[in-house]
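K.L.:
Fold the following for me, if possible:
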Amino acid sequence: MADTMLIIKNLTKIYDDGTEALKDVSFEVEPGEFLVVIGLSGSGKSTLLRCINRLIEPTEGQILWDGVDIVAAEPDQLRRIRRQIGMIFQHFNLVNRSSVLSNVLAGRLGYVSPWSSLLMRFPREDREKAAKAQERVGIADQAAKRASELSGGPPAPVEEAGRPYLVSTPTCGNLTRRDDQYRDIMGTTLSLAGRGFSPDTEIEIWWVDPIGNDFQMRQKGEYVSVRTGAGGAFTIDVIMPYRLMPPSLKGRQFHRIEARQISFTGVLKIGDPLRLTVERMVETIFMGMMATIFGIILSIPVSFLAARNLMSGSVLTMGIYHFTRTILNIIRPIELLIWALIAVVWVGLGPFAGIIALTIHSVAALGKLYSEAIENIDPGPVEAIQATGANRLQTIMFAVVPQMISPFVSFSIYRWDINVRMSTVIGLVGGGGIGFLLVQYIRLLDYRAAGIAVWFIAVTVGVLDYVSAEIRQRFR
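P.N.:
The predicted structure is shown next:
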């Protein structure tokens, strides 16, 4: 029996809803033996595999791995056992928002200290093994990409009648590079053809690299631009520019080329109402931004304390969970104007009071949204990281946090949108921003100036709503 690798004794698993997934299962696996478990869907195959490395807690029975009872193993011992068990999940359970390299190195989390893994300081041997594994499956040049991008690059744009459209031939090539003598070795020449632009209009050619930096292209010391013909079309040849990219961006990269249409207008004369409105509108936007930043910083740790699936480990953590939830439920229903009035009484009139009010309300709102997002994460990647022998901190950083980036960004941008809109309101009670200026114009019966302020509020809110929607779309 000492030589038997795996022994299952009278294993039973009954779920909370009464479903009996496993009943008195017993078998042994000898070293070198190849065992296949076959059964209908729902017969308990996945439950059996998850019980073996205790991703699911058995109801009864024993699981002996090299003579050690996995069911009775302490957390540290369980992680050491999991390091010896390789588990391939049906849906792979990749952390899609993490890089390919990070997903591969996750298999070594059980052998690396938590702080080293958080800083991605894996031993050289582990990185070499990861590189060989990627090379073996033909994705060595995809290491820096997100796992979700392994299927290919961004979709090609679709031409629509009556709208500007730009096509490049070819669509791929080599960037301009420099040799050891710092002489330029020219990149691929791209033939650009634009259609659907305004007739007889100047078009600037811009380049956008993978990390979001954009610049107007230059060739022979001159900015690249072209003028459309009577039909709104143009053609031009450009050379792919020189770009110094971060070392992490290896292999294929996806750059973007843009044709920006330029329109010129006459000289504007800015009046005092417009100038003051612009200044207060900028103040309003920054009030919303600062309140959002402070709210995010404070609400992220609060959200982890308010997530049931992370705090259900003991009576103490559940007590912290209920206390945190109660505080959030008390703060959130109180209207923002009430918090603004309290802040004005506390620190006086001005934008500082508005930022305090917005921050308090943001912490409560974002804390609830973030915690609910954490509770709804896909448990598959969590199980996959746990199966490597990772501890709780490593599991949160490598399985929970990457899944949270998308909803966190979405909720944060949405909250910034709300805060900017509410910043225009709290000025009515002295909280600063454009609302404060609007009240003064109304009281002075200067309705033309008030109209300018109202238009700026409407346009700014509309633009921010559109921008936030676009950003949330990109982070889905």
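
K.L.:
Regarding residue 320, which helix or strand does it belong to?
P.N.:
Using DSSP states H and E, residue 320 maps to helix 315-331.

K.L.:
Now do that helix, average pLDDT.
P.N.:
Averaged across helix 315-331, pLDDT comes to 84.

K.L.:
Same question for stretch 226-242.
P.N.:
Stretch 226-242 comes out at a mean pLDDT of 89.

K.L.:
cool, stretch 181-195 as well?
P.N.:
Stretch 181-195 comes out at a mean pLDDT of 86.

K.L.:
Same check on stretch 277-294?
P.N.:
What stretch 277-294 shows for mean pLDDT is 85.

K.L.:
picking that back up, how about the helix holding residue 320: buried residues?
P.N.:
321, 324, 325, 327, 328, 331 (16 or more other Cβ atoms under 10 Å). Every residue, glycine included, has its C-beta placed from N, CA and C.

K.L.:
and that helix, how far from the chain's centre?
P.N.:
Mean-position distance between helix 315-331 and its chain equals 26 Å (Cα atoms, centre = their mean, to the nearest Å).

K.L.:
by contact count, what packs against that helix?
P.N.:
Counting contacts by 3 or more Cβ pairs under 8 Å, 6 or more residues apart in numbering; DSSP states H and E, helix 315-331 is packed against helix 272-305, helix 308-311, helix 351-375.

K.L.:
looking at these, which is buried most?
P.N.:
Across the helices and strands packed on helix 315-331, the average number of neighbours (mean count of other Cβ atoms under 10 Å) peaks for helix 351-375, which reaches a mean of 23.

K.L.:
From residue 134, how far out is residue 99?
P.N.:
Distance of residue 99 to residue 134, given as Cβ to Cβ, to the nearest Å: 11 Å.

K.L.:
Overlap of the contact sets of these two?
P.N.:
Shared contacts of residue 99 and residue 134, defined by Cβ atoms under 8 Å, 6 or more residues apart in numbering, are found at residue 143.

K.L.:
Give me the three-state assignment for residue 192.
P.N.:
strand (DSSP: H, G, I helix; E, B strand; the rest coil).

K.L.:
Pull the number of nearby residues for it.
P.N.:
Using other Cβ atoms under 10 Å, residue 192 is surrounded by 19 other residues.

K.L.:
What ranges in the stretch 1-150 of the chain fall below the confidence cut-off?
P.N.:
Of all residues in the stretch 1-150 of the chain, those with pLDDT under 70 make up the ranges 1-2, 41, 91.

K.L.:
Residue 425: neighbour count?
P.N.:
So residue 425, with other Cβ under 10 Å, has 17 neighbours.

K.L.:
Tell me if I am right that it is in a helix.
P.N.:
Yes - assessed with three-state DSSP, residue 425 lies in a helix.

K.L.:
from what I can see it touches residue 335, true?
P.N.:
No - between residue 425 and residue 335 there is no contact under Cβ atoms under 8 Å: 10.2 Å.

K.L.:
For the stretch 351-476 of the chain, which segments count as helices?
P.N.:
Here the stretch 351-476 of the chain has its helices, by DSSP state H, counting those that start in this stretch, at 351-375, 379-387, 392-395, 401-426, 434-443, 447-474.

K.L.:
Turn those helices into TSV, columns for mean pLDDT.
P.N.:
Shown next, in TSV, are those (pLDDT from 0 to 100):
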stretch	mean pLDDT
helix 351-375	85
helix 379-387	81
helix 392-395	78
helix 401-426	79
helix 434-443	79
helix 447-474	78
